[in-house]
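Visitor: My questions are about this predicted structure, shown below with the sequence.
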Number of protein chains: 6
Amino acid sequence: MRPSGRSPDSLRPIRLEPGYARHAEGSCLACFGDTHVLCTATVEERVPSWMRGSGKGWITAEYGMLPRSTHTRTEREATRGRQSGRTQEIQRLIGRSLRAVTDLKALGEMQIRLDCDVLQADGGTRTAAITGSWIALQQAIARVRGSALPGRSALTDHVAAVSCGLVDGVAVLDLDYAEDSAAQADANFVLTGRGGIVEIQGTAETTPFSTDQFQALLGLAQHGITQLIAAQKEALGLGETP
Amino acid sequence: MRPSGRSPDSLRPIRLEPGYARHAEGSCLACFGDTHVLCTATVEERVPSWMRGSGKGWITAEYGMLPRSTHTRTEREATRGRQSGRTQEIQRLIGRSLRAVTDLKALGEMQIRLDCDVLQADGGTRTAAITGSWIALQQAIARVRGSALPGRSALTDHVAAVSCGLVDGVAVLDLDYAEDSAAQADANFVLTGRGGIVEIQGTAETTPFSTDQFQALLGLAQHGITQLIAAQKEALGLGETP
Amino acid sequence: MRPSGRSPDSLRPIRLEPGYARHAEGSCLACFGDTHVLCTATVEERVPSWMRGSGKGWITAEYGMLPRSTHTRTEREATRGRQSGRTQEIQRLIGRSLRAVTDLKALGEMQIRLDCDVLQADGGTRTAAITGSWIALQQAIARVRGSALPGRSALTDHVAAVSCGLVDGVAVLDLDYAEDSAAQADANFVLTGRGGIVEIQGTAETTPFSTDQFQALLGLAQHGITQLIAAQKEALGLGETP
Amino acid sequence: MRPSGRSPDSLRPIRLEPGYARHAEGSCLACFGDTHVLCTATVEERVPSWMRGSGKGWITAEYGMLPRSTHTRTEREATRGRQSGRTQEIQRLIGRSLRAVTDLKALGEMQIRLDCDVLQADGGTRTAAITGSWIALQQAIARVRGSALPGRSALTDHVAAVSCGLVDGVAVLDLDYAEDSAAQADANFVLTGRGGIVEIQGTAETTPFSTDQFQALLGLAQHGITQLIAAQKEALGLGETP
Amino acid sequence: MRPSGRSPDSLRPIRLEPGYARHAEGSCLACFGDTHVLCTATVEERVPSWMRGSGKGWITAEYGMLPRSTHTRTEREATRGRQSGRTQEIQRLIGRSLRAVTDLKALGEMQIRLDCDVLQADGGTRTAAITGSWIALQQAIARVRGSALPGRSALTDHVAAVSCGLVDGVAVLDLDYAEDSAAQADANFVLTGRGGIVEIQGTAETTPFSTDQFQALLGLAQHGITQLIAAQKEALGLGETP
Amino acid sequence: MRPSGRSPDSLRPIRLEPGYARHAEGSCLACFGDTHVLCTATVEERVPSWMRGSGKGWITAEYGMLPRSTHTRTEREATRGRQSGRTQEIQRLIGRSLRAVTDLKALGEMQIRLDCDVLQADGGTRTAAITGSWIALQQAIARVRGSALPGRSALTDHVAAVSCGLVDGVAVLDLDYAEDSAAQADANFVLTGRGGIVEIQGTAETTPFSTDQFQALLGLAQHGITQLIAAQKEALGLGETP
């Protein structure tokens, strides 16, 4: 029995609110239970200098946590003067994940910058950030490219992410903070609408895990991401994608 | 006629939501129209090193803006590696304002850290931050000191803030972004529940203003702050304060 | 009776030495009693990037203190690797104050950079810095524009600054360090030659102050600034300004 | 046919030189073909402050590249003033990987710091760093604990790492720089002597990969890591480990 | 003929004003012609952590230039966020030079911090800084140790510095900025009252110099430093030192 | 008798390995006994901005130490976020030394960047760095200019460096770490193939030294540098240079 009363293969209540931020070209408040992440997309005319003249666009991401989004206060990175290794790892992951479902050539020479800010944290902030960023990105591309149906525009597919882990020897889906702290191993999976693997990051926190255990986590992830992508479609009122 | 249709002496719709943040010892989402600031209070056992052993407490504040809280994206200060002069000015102002209504001796040797994060900006973020921080502070003191009625505890009075400015030669209350950009002069006033002045910051943006004009701004501020303090009381369900 | 033996409405001995720095386009050593601030003006061909092509000029300021200008040594900001919030607040104030009496259009596309370095500190360094910077600016504009009579050139008026405060319940003018440390409230006023208000910054250090008290401080400031502007005229050998 | 002439399941020539650095408590020059990484282990008496008094030890890692270890010069991070996100990601990975095979309780309250410096880079620097760090760590523990046989001391097992990737649709083992640049997807695997998974990091560079493709990569990694662990044993003259 | 009309072996007019700074434990304004450096000494109770409990004192130095001390403005190091290599080189040299004439054991466990700030620059700022710092140090030691006669206290001797250079093939003493810019080679010499060499830094700017040329520079330096040490004695009203 | 058993005028075993780094345009592993420094030369198309359009080239240097090149671990400068004063002093010295034997006009508008990284330290790292950098520079110039014979190309002469010091009152050549720590005074000499002096840096560590002692050090340096330059020629297979 999980602390939250969920069954091993259940997601937390998922809420995706597109258009949450008034000023951004695209936005989404992504809530996985008590984890709330505000994702915005900003369209910029300039690509990074090493891409100028390539005719291709770029997608990049930044990630931050409000100091008191966490149980005990986390020091503000602007005050410390630099971003932690964890922050950099996460924002690089978000950027890679969204670029994997974007046709940068079709996007054209512009940059879309995704900002993912954690308003409240209860485990799984990076997976909520990726899942919500896809909606913010979709809105931003629709605004600049007219249409943004996956597969018919610069956006080639959906992408979403979820964590899985081994807690007390049982493989469970979408860990909250209590489970995350107690897990022997956990893994983040980023998958596309067609089921392709974009990123897998599995880490044994205390004891190495076996190949079989890893397969179980992957199976749970595929199950969860199907639901997350359905939630993305519903939030945007999209029908079937080709 | 103001862009928002308000009369010169009208505040924007004010909304103060105490307890907005799940993990903090005190919190408030303060909305002045489309300006939304999340204020949290964190209680820390350690005071700054220069205060150790003094038996007195301390209150400090930090301020930040989400990158896309603004009309065009503002660079993330954690990425730049330092806080701007404007940020530092504002967080120093918030700290001073709240300390002015706290009996640091009665608080005892602990630090309360206020974090004010702008989720959406439409002018007046620092005044919303001060007004909301008072509620977050009240909650935090109530939690650690049992009672936090102003005048009966470490908290000696209410404090709230509002901006006024000269727009097209007319003195107006609580400027939004459109007015702020067009103002000849503007001033921020921080006043207490008993009408005392805690801080005045008046700046002529384009042309110096006269003593009479300044008096008009002060009068508007007193009018507005009476309403903001009433809103604080209502939000917390407080009756009359001594 | 004030520690210095001055009456409540007396300035400290004021000394303004134009042309103090050999290499700068304009300069002034501004002494308010034992507070000595060296102000220099540097003319630069390049305006900030966001102003290029606007045809307008810009004025900016930097402020610093020699480490042992203070009673106990202040850490060198170059060693700490960043400027304090106080430093940034002061240099932003100096820049705004001088821009308020400059016709940036008439100045033309160039930047004048004011450097205010405190050689010795005894309270009121920012007010001495503003008062002395006006002279440095006047000299620099005269050098590049031929004439710099206020009102007849890019310079539209004089500007000077002074502090006032409540010490033991009495409103006094031009606080020195001993008074500044003991004041219940203090305020810095930046006024023009014609009496216009450019900036007011009033802060209650310990107890909020009343509207009447604030009026008394403003009255003292108007009295003091008249004398500071007369000192500016005398230092530069200027007659009446229109 | 691979650029290097290797078959898909062949490692590059592996060379592990224990004791390479004269001053360190443990060291190894780890060469995977033309990738050369110098790994050193330093024993420090102090653990991080959050661990003091826990009775447990800690293992941490730092990673760097000589500026001209790369084909074109990489800017020196000491000159830039900060470590890149990639550097931080890698050094966090190295630390986690080695902690996973160390009994921190048995180690006792001390810190072992692993420094991995790339003298020459040709792909796979992080996998060579992990594989070589195990030897440096083994030597350092042997020096302070007398014995360091895996399974009989603070060291619970071997750990080694290798990369695999999809190049032109074929799964290949131990990518060099030429293959790494051309890969559709690649993954780094960190496995123990008993075959447990410590870390998996798989990334689709251009197109998402399938579950079957991922299984192929995992199979290659298991094959390669068996050989790397044999090389560790041979380098240290270790017999069978329990 | 030198630009200044001096003969090759003439110093510029030297002026040493002890006690120039009101707040410091020791101070001196050191003027070598138009080069003006304010040197202050601050006595601190704490030595650096690596010296605690050694019973010995320490002397350290910091150096800075006012932005407009130079012909064209030099960027403020506090704004850039770090000290240049040149600044660090100079402040290390000043510290070493003064430590060479101090008996750190006799000083006792305290730190004296020398701040050398260039108010106006015309070549030779580091030599003026060393020469003036000796006076500031002497005053500070006298204040804390009662007596500070060289040879009879923690101060074992005088120390002073001067530059020499080859300009148009001629060896000249005490270069000003015009000569410094045109010199083929220059050298800074730090010598004691008894003629001992504390530091020699010779650099060929354009063409290597010969041993004979170097001897000529050393001879000039010995000649100049005799006069600088006489000026130190006169400034402090010291008679002969043992 | 020296700790190493060398006579006072003996160098340590010298080894210069040109072409040590696979990717660089020029390189050398320079070993002075147990001091090992890897020097690489990188040719860059862009000169620093203040040189653009001058038609002249530039040579610059960077220096670093691997954290565990030293007896006890030295903190990584990339982690600290800045280079120490010592590092900056050394890299400025290397740059100046190599520029002194390069005809920057003949080099043409390009920059050569020398990276000197200490793999193992046992005293004299800066002198090994200069001596090895000359070889790396020679190779890089040969690659871009076809010929790089000293005196016939952009390279006007050899340059090499060595340290000398007073240990127990005896002048000795090429100090190792044990001697360096015990020396009363030491000096670094940078001389050219024709015997010209490029740089002299002499420092009294504990007691000032005399003119005669300094001459003895200079004599030893001339003796040692003759051998170092012979080693450079041999390493590159160069015959006599004009």
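Guide: The structure has been received and is ready for your questions.
Visitor: So for the longest helix seen in chain A, what gets flagged as buried?
Guide: Counting by DSSP state H, the longest helix found in chain A is helix A:211-236. Under the neighbour-count criterion of 16 or more other CB atoms under 10 Å in any protein chain shown, helix A:211-236 has A:213-214, A:216-218, A:220-222, A:224-225, A:227-229, A:231-233, A:235-236 buried. Yep, even glycine has a C-beta here, placed from its N, CA and C like the rest.
Visitor: what sits opposite A:G26 in the beta ladder?
Guide: Per DSSP bridges, the residues bridged to A:G26 are A:A41.
Visitor: right, and it touches A:Q138 too?
Guide: Yes. Here A:G26 lies in contact with A:Q138, judged by CB atoms under 8 Å, at a distance of 6.8 Å.
Visitor: between the two, which one's more packed in?
Guide: Using other CB atoms under 10 Å in any protein chain shown as the criterion, A:G26 and A:Q138 rank with A:G26 on top: 28 against 25.
Visitor: Next one: that one from E:A187, what distance?
Guide: 65 Å (CB to CB, to the nearest Å).
Visitor: With A:G19 instead?
Guide: Taking CB to CB, one finds A:G19 at 70 Å from E:A187.
Visitor: ok, the two, which is more surrounded?
Guide: Neighbours were tallied for A:G19 and for E:A187 using other CB under 10 Å; the higher tally belongs to E:A187 (27 against 15).
Visitor: For the closest residue to the more buried one other than its chain neighbours, which three-state class applies?
Guide: Taking CB to CB, 6 or more residues apart in numbering or on different chains as the measure, E:A187 lies nearest to E:G202, with 3.6 Å between them; neighbours along the chain are not counted. When states are read from DSSP: H, G, I helix; E, B strand; the rest coil, the local structure at E:G202 comes out as strand.
Visitor: what sits against E:G202?
Guide: For E:G202, the contacting residues are E:185-188, E:209, E:214, E:217, F:197, F:199-201, by CB atoms under 8 Å, 6 or more residues apart in numbering or on different chains.
Visitor: Name the nearest of those relative to A:S4.
Guide: Compare each of the contacts of E:G202 with A:S4 using CB to CB and the shortest gap goes to F:Q201, at 67.9 Å.
Visitor: Look up how far F:C164 lies from that closest one.
Guide: Distance, F:Q201 to F:C164, by CB to CB: 11 Å.
Visitor: out of the two, which sits in the busier spot?
Guide: Neighbours were tallied for F:Q201 and for F:C164 using other CB under 10 Å; the higher tally belongs to F:C164 (30 against 19).
Visitor: Quick one: residues contacting the residue of chain A most remote from its centre.
Guide: Summary for chain A: using CA atoms, centre = their mean, the residue whose C-alpha lies farthest from the chain's mean C-alpha position is A:G53, with a distance of 29.7 Å. Contacts of A:G53 were listed using CB under 8 Å, 6+ apart, and they are A:E109.
Visitor: Check the spacing between it and C:S49 real quick.
Guide: Separation of A:G53 from C:S49 (CB to CB): 22 Å.
Visitor: again, but for A:C28
Guide: The spacing between A:C28 and C:S49, counted by CB to CB, is 33 Å.
Visitor: More neighbours: which of the two?
Guide: Set side by side, A:C28 and C:S49 give different neighbour counts by other CB under 10 Å, the larger being at A:C28 (33 against 6).
Visitor: Next, count neighbours for the closest residue in space to A:E77 that isn't next to it in sequence.
Guide: Counting by CB to CB, 6+ apart, the nearest residue to A:E77 once its immediate chain neighbours are dropped is B:A78, at 3.6 Å. Applying other CB under 10 Å, we find 24 other residues in the vicinity of B:A78.
Visitor: List the residues that contact the residue minimising distance to the centre of chain A.
Guide: In chain A, the C-alpha nearest the mean C-alpha coordinate belongs to A:I130, at 1.3 Å (CA atoms, centre = their mean). Taking CB under 8 Å, 6+ apart as the definition of contact, the neighbours of A:I130 are A:93-94, A:97-98, A:159-161, A:190.
Visitor: Around A:W50, count how many other residues there are.
Guide: Around A:W50 there are 7 residues (other CB under 10 Å).
Visitor: same check, this time on A:V170
Guide: One way to gauge burial is a neighbour count; for A:V170, by other CB under 10 Å, it gives 11.
Visitor: isn't it right up against A:R6?
Guide: No. With contact defined as CB under 8 Å, A:V170 does not count as touching A:R6 (11.8 Å).
Visitor: sorry, back to before: which neighbours do F:Q201 and F:C164 have in common?
Guide: Shared contacts of F:Q201 and F:C164, defined by CB under 8 Å, 6+ apart, comprise F:A187.
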